[in-house]
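Engineer: Any chance you could fold what I've pasted below:
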Amino acid sequence: MITMDGKQYPWQPGMDVEQLLQNVEKPEQYAVIRLNGKPVSRPKFKETLVPDNAEIVLIPMIAGG
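Structural biologist: Here you go, the predicted model:
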């Protein structure tokens, strides 16, 4: 199982961050996530594997100025 923002999701071998984000509404709004406390940016989503029992925190993009 994977915990993403407090919700449980099933884990699958070979799952990457991009595949996991298909479970959330508007995945395009997340430019960075924290995977077990370490930041992972969008360019690395496809190549970053999610281990079983991972803890994911979604970090939405925030407009600023």
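Engineer: quick one, helices of this protein?
Structural biologist: For the chain, the helices defined by DSSP state H cover 17-20.
Engineer: List the residues that contact residue 41.
Structural biologist: Applying Cβ atoms under 8 Å, 6 or more residues apart in numbering, we find residue 41 in contact with 31, 32. (Each C-beta comes from the backbone N, C-alpha and C, glycine too.)
Engineer: hey, what's it bridged with?
Structural biologist: residue 32 (DSSP bridges).
Engineer: from now on call the first residue 21
Structural biologist: OK, 21 is where the count begins now, so the last one is residue 61.
Engineer: Mind pulling up the pLDDT for it?
Structural biologist: Residue 61 is assigned 95 on the pLDDT scale.
Engineer: and it, how far is that from residue 37?
Structural biologist: 10 Å (Cβ to Cβ, to the nearest Å).
Engineer: Next: residue 23.
Structural biologist: 14 Å.
Engineer: the more surrounded of the two?
Structural biologist: residue 37 (22 against 13; other Cβ atoms under 10 Å).
Engineer: Let me see the confidence value for the more buried one.
Structural biologist: In this model, residue 37 is scored at 95, pLDDT.
Engineer: show me what contacts it?
Structural biologist: Residues near residue 37 by Cβ under 8 Å, 6+ apart: 53, 55, 60, 64, 65, 66, 68, 70, 76.
Engineer: which of these lies closest to residue 82?
Structural biologist: residue 53 (14.4 Å; Cβ to Cβ).
Engineer: Number of residues surrounding that closest one?
Structural biologist: Neighbour number of residue 53 under other Cβ under 10 Å is 23.
Engineer: what does residue 78 give?
Structural biologist: 14.
Engineer: Same check on residue 63?
Structural biologist: 9.
Engineer: Please tell me how far it sits from residue 25.
Structural biologist: For residue 63 relative to residue 25 (Cβ to Cβ), the value is 22 Å.
Engineer: and what of residue 81?
Structural biologist: Residue 81 is 15 Å from residue 25, by Cβ to Cβ.
Engineer: Equivalent analysis for residue 60, please.
Structural biologist: Distance from residue 60 to residue 25, by Cβ to Cβ: 15 Å.
Engineer: quick one: which of those two has more around it?
Structural biologist: More crowded of residue 60 and residue 25, by other Cβ under 10 Å: residue 60, with 18 against 10.
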